[in-house]
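J.: With the input below, show me the fold.
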Amino acid sequence: MEQHPRIVIALGGNALQSGDAEPTAQAQLEVVRQTCEQIAQISSQGYEMALVHGNGPQVGRILLASETAKDVTPAMPFDVCGAMSQGYIGYHIQQALRYALARRNRSVPVVSITTQMVVERDDPAFQSPSKPIGPFCTEEEARRLEREKGYTMREDAGRGWRRVVPSPLPRRIVEIDAVRRLWDDTIVVTCGGGGVPVVENPDGSLAGVAAVIDKDFAAELLAEQVKADVLLILTEVEKVAIRFGKPDQEDLDRLTLETAARYVDEGQFGAGSMLPKVQAAMKFVRANPDKRAVISSLDKALPALEGRTGTQITFA
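T.: Numbers count the residues shown, from 1 in each chain. Modelled structure (predicted):
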């Protein structure tokens with residue numbers, strides 16, 4: 001029997017919510033159900049996998065709700081809000097994926113792990129917030145939030161204004177041993193939202209910090225740690241493109257490490273969108289020259305994994 005690769009799948013925001021629907025838990029569950037049909041299809045081909053998801057809109061809303069209700073009940077710290085987002089997104093994925101697998105006569109357990117991610121206390125990201133979280137708003141609303149709440153607000157890829165928070169690089173997955181033990185017979189949802197960011201104290205204890213780790217970099221670290229064969233990053237577009245959105249846009253079938261680095265230097269990829277995905281893919285193939293990363297859309301996940309579409313990123 002053919003041995004299928006071990007894969008780590010990074011799910012983009014479109015895998016969790018639709019821009020056309022109200023940002024409710026029920027609307028998210030409907031989108032997650034559709035997402036899990038795609039994941040179950042991949043699982044049915046025999047692939048072993050772990051799932052990593054983002055949490056930018058969700059953690060922003062949890063934090064906003066907590067701060068809005070501060071006169072009634074104490075506001076939750078940012079790291080606790082991140083853990084809460086892992087819990088409810090993981091719950092939705094567990095529920096929907098279990099059903100999608102059962103419909104295909106696959107009895108594979110699905111579990112989500114509240115995952116802590118060690119970051120460095122002196123990471124430069126803490127001095128330069130860059131990770132968008134929460135809902136979009138107008139520039140007028142953004143200025144008001146800066147005045148009233150002290151938020152750092154930035155325009156996000158022409159889609160509106162959003163709050164930005166520090167995004168330190170992930171250094172160590174605290175629960176990695178549990179993920180490894182579960183791997184052979186379980187689909188694990190881990191490093192949700194990039195993991196709950198924590199710093200390590202001199203006595204070995206951990207303390208949460210106010211930040212959101214990029215889920216693509218977290219997925220890359222996980223892929224290295226579990227010795228995955230493929231890092232599959234799913235987003236809204238079928239292929240990575242240069243000159244994106246321009247009349248001469250060029251979709252890319254393949255990217256070598258050298259070519260990808262050149263395009264990054266040229267500024268071809270948006271800082272809040274495609275850049276971290278390409279950088280995570282580059283990091284993975286740099287560390288594993290005989291393996292590959294794939295960037296594609298959710299609805300093309302299986303053909304992209306099989307090399308029939310998407311952008312295939314290789315060392316050379």
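
J.: can we go C-alpha only for contacts and neighbour counts from here?
T.: Fine.

J.: Assess the claim that I93 and Q34 are in contact.
T.: No. Applying C-alpha atoms under 8 Å as the test, I93 and Q34 come out as separate, 10.4 Å apart.

J.: Between the two, which has more neighbouring residues?
T.: Shown here are I93 and Q34; by other C-alpha atoms under 10 Å, I93 has more neighbours (23 against 17).

J.: My reading is that the more buried one lies in a strand. Confirm?
T.: No. Counting by DSSP: H, G, I helix; E, B strand; the rest coil, I93 falls outside a strand, being helix.

J.: Can you name every helix or strand that the lowest-mean-pLDDT helix or strand in the chain contacts?
T.: The weakest-scoring helix or strand in the chain, judged by mean pLDDT, DSSP states H and E, is strand 131-137 (a mean of 80). When contacts are defined as 3 or more C-alpha pairs under 8 Å, 6 or more residues apart in numbering; DSSP states H and E, strand 131-137 packs onto helix 56-68, strand 161-165.

J.: Tabulate the CA atom coordinates of the shortest one in CSV.
T.: Taking Å, rounded to 0.1, in the frame of the first residue of the first chain, the C-alpha atoms of strand 161-165 are listed here in CSV:
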residue,chain,number,x,y,z
TRP,A,161,-8.7,49.5,9.7
ARG,A,162,-7.9,47.0,12.4
ARG,A,163,-6.2,46.8,15.7
VAL,A,164,-2.6,45.5,15.5
VAL,A,165,-0.7,43.7,18.3
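
J.: Tell me who's in contact with Q41.
T.: L302 (C-alpha atoms under 8 Å, 6 or more residues apart in numbering).

J.: buried sites along the host helix or strand of it?
T.: Assigned by DSSP states H and E, Q41 belongs to helix 25-44. Within helix 25-44, the residues that count as buried by 16 or more other C-alpha atoms under 10 Å are 28-29, 31-43.

J.: hmm, back to that, out of the helices and strands packed on strand 131-137, flag the one nearest L234.
T.: helix 56-68 (15.6 Å; C-alpha to C-alpha).

J.: Burial check on P129, number of neighbours?
T.: The tally of other residues near P129 (other C-alpha under 10 Å) stands at 19.

J.: Repeat that for L63.
T.: 23.

J.: so it makes contact with C81?
T.: Yes. Taking C-alpha under 8 Å as the definition, L63 is a contact partner of C81 at 6.1 Å.

J.: send the alpha carbons of whatever helix or strand A281 lives in over as PDB?
T.: According to DSSP H and E, A281 maps onto helix 274-287. Extracted C-alpha coordinates of helix 274-287, given in PDB (Å, rounded to 0.1, in the frame of the first residue of the first chain):
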ATOM      1  CA  MET A 274       0.900  36.400   1.500                       C
ATOM      2  CA  LEU A 275       4.300  37.400   2.900                       C
ATOM      3  CA  PRO A 276       4.200  35.300   6.200                       C
ATOM      4  CA  LYS A 277       2.900  32.300   4.200                       C
ATOM      5  CA  VAL A 278       5.800  32.500   1.700                       C
ATOM      6  CA  GLN A 279       8.300  33.100   4.500                       C
ATOM      7  CA  ALA A 280       7.000  30.100   6.500                       C
ATOM      8  CA  ALA A 281       7.200  27.900   3.400                       C
ATOM      9  CA  MET A 282      10.700  29.100   2.700                       C
ATOM     10  CA  LYS A 283      11.700  28.300   6.300                       C
ATOM     11  CA  PHE A 284      10.300  24.800   6.100                       C
ATOM     12  CA  VAL A 285      12.100  23.900   2.800                       C
ATOM     13  CA  ARG A 286      15.300  25.500   4.000                       C
ATOM     14  CA  ALA A 287      15.300  23.300   7.000                       C
END
